[in-house]
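Visitor: Any chance you can model this:
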Amino acid sequence: MDRQRFGRSVRALRQRLGWRQADLAEKCGLSQGVVSRLERGELARLSTVAVERLAIAPGAELDIRLRWRGEDLDR
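Guide: Residues are numbered from 1 along each chain as shown. Okay, the predicted model is just below:
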């Protein structure tokens, strides 16, 4: 996963909706600082639950896949 790209995608969606970081934070029950960190690609200290909330709040879908040697493992 490209963390910076993910963060830019969340920012682009938020801006498309006309929301401020504070608006997104309020809708998912997190702080504005958490939104800011995610948008900068700083995911290391964020829980998967927080990342999921930040993706779902504006109506997006979060899809996390585990690949090994280029293949899905659930085959």
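
Visitor: any idea of the mean pLDDT for stretch 16-32?
Guide: For stretch 16-32, mean pLDDT is 96.

Visitor: now what about it, what contacts it?
Guide: Stretch 16-32 is contacted by residues 14, 34-36, 39, 50, 53-54, 56-58 when judged by C-beta atoms under 8 Å, 6 or more residues apart in numbering. The way it works is simple: take the backbone N, C-alpha and C, and place the C-beta from them, glycine included.

Visitor: Over to stretch 53-70?
Guide: Stretch 53-70 is contacted by residues 10, 13-14, 17, 19, 24, 27-30, 34-35, 38, 48, 51-52, 72-73 when judged by C-beta under 8 Å, 6+ apart.

Visitor: Generate a PyMOL selection restricted to the buried subset of these.
Guide: Buried subset of the contacts of stretch 53-70, written as a PyMOL selection, criterion 16 or more other C-beta atoms under 10 Å:
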select buried, resi 10+13+14+19+24+27+28+30+34+35+38+51
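
Visitor: In helices, which of the contacts of stretch 53-70 appear?
Guide: Judged by DSSP state H, those include 10, 13-14, 24, 27-28, 34-35, 38, 48, 51-52 as members of helices.

Visitor: of all those residues, which two lie farthest apart?
Guide: 14 and 48 (19.5 Å; C-beta to C-beta).

Visitor: Need the phi and psi values for the closest residue in space to residue 35 that isn't next to it in sequence.
Guide: Distance criterion C-beta to C-beta, 6 or more residues apart in numbering; nearest residue to residue 35, sequence neighbours excluded, is residue 21 at 4.4 Å. Dihedral angles phi and psi of residue 21 (degrees, to the nearest 10) take the values phi -60, psi -40.
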